[in-house]
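[1] Next come a sequence and a model predicted from it.
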Amino acid sequence: MFPSIHRHGIRQLRSGWADGPAYITQCPIQTGQSYVYNYTVVGQRGTLFWHAHISWLRASLYGPLIILPKLNVPYPFTKPYKEVPIIFGEWFNTDPEAIIAQATQTGGGPNVSDAYTFNGLPGPLYNCSAEDVFKLKVKPGKTYLLRLINAALNDELFFSIANHTLTVVEADAIYVKPFDT
């Protein structure tokens, strides 16, 4: 059985029955079968993400969902030099399904992940990541649109760049009045 796919944050008009949560709005995709998601996005532009939707399998199956403005429609802010999705995730050395099963059985909270990841790679503070870390080379004086996505299961993660001010221009596929942080 393959999990269904949920598009996190998409307002699905007239297709909520195919929203992705397995055993809630649709059945999981059966082994050897396929399923085509057909939906229309109206009035949303920006950064969202998709993920598997059976229990904690979403810990390992996710990706960015970027809705660009219509052709020849500019951003409501200065066009960036480059756009970079950065997905925050988690790495477990144990089967995530076993972790949630243990938490359900004991009534306690689930164990935390063994590492956090940037675009699927662990940060530089873990033993396994001396070489394989996410790096973004930037050009001085250029503006980058970082499309930040938190795909972690149960964690609020915070992001900053040392000695830099970030300007927030969008949240959950809705442009906002830009503000610095």
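    Done, it's in.
[2] do you know how far the residue of the chain positioned farthest from its centre is from Ile99?
    What lies farthest from the middle of the chain is Thr106; by Cα atoms, centre = their mean that is 29.1 Å. From Thr106 across to Ile99, the span is 11 Å (Cβ to Cβ, to the nearest Å). (Glycine included, C-beta is placed from N, CA and C.)
[3] With Ile54 instead?
    For Ile54, the distance to Ile99 - Cβ to Cβ - is 14 Å.
[4] what does Gly120 give?
    19 Å.
[5] and these two? which has more neighbours close in?
    Per other Cβ atoms under 10 Å, whichever of Gly120 and Ile99 has more neighbours is Ile99, with 18 against 14.
[6] which phi and psi does the residue farthest from the centre of the chain have?
    Here the main-chain torsion angles of Thr106 (degrees, to the nearest 10) amount to phi -90, psi -20.
[7] now swap in the one 5 residues further on and tell me
    Dihedral angles of Asn111 (phi, psi; degrees, to the nearest 10) stand at phi -60, psi 150.
[8] Spit out the contact partners of the closest residue to it other than its chain neighbours.
    Closest residue in space to Asn111, ignoring its immediate chain neighbours: Ile99 at 5.2 Å, by Cβ to Cβ, 6 or more residues apart in numbering. Residues near Ile99 by Cβ atoms under 8 Å, 6 or more residues apart in numbering: Trp56, Phe92, Pro110, Asn111.
[9] The biggest strand by length in the chain - what's its average pLDDT?
    Counting by DSSP state E, the longest strand found in the chain is strand 82-91. Averaging pLDDT along strand 82-91 gives 93.
[10] Let me see the residues that make contact with it.
    47, 49, 59, 62-64, 66, 113-120, 122, 134, 136, 142, 144-153, 155, 157, 159.
[11] in it, what's buried?
    By 16 or more other Cβ atoms under 10 Å, the buried positions in strand 82-91 come out as Pro85, Ile86, Ile87, Phe88, Gly89, Glu90, Trp91.
[12] What mean pLDDT does stretch 50-68 get?
    Here the average pLDDT along stretch 50-68 is 83.
[13] how many other residues sit next to the closest residue to Asn38 other than its chain neighbours?
    Distances taken as Cβ to Cβ, 6+ apart place Ser15 nearest to Asn38, at 7.1 Å, with adjacent residues excluded. Residues near Ser15, counting by other Cβ under 10 Å, number 13.
[14] where do the helices sit along this protein?
    Remark: helices assigned in the chain by DSSP state H are 96-106.
[15] what residues are up against the closest residue to Leu153 other than its chain neighbours?
    Distances taken as Cβ to Cβ, 6+ apart place Ala59 nearest to Leu153, at 5.6 Å, with adjacent residues excluded. Applying Cβ under 8 Å, 6+ apart to Ala59 gives the contacts Gly89, Glu90, Phe92, Pro96, Ser113, Leu153.
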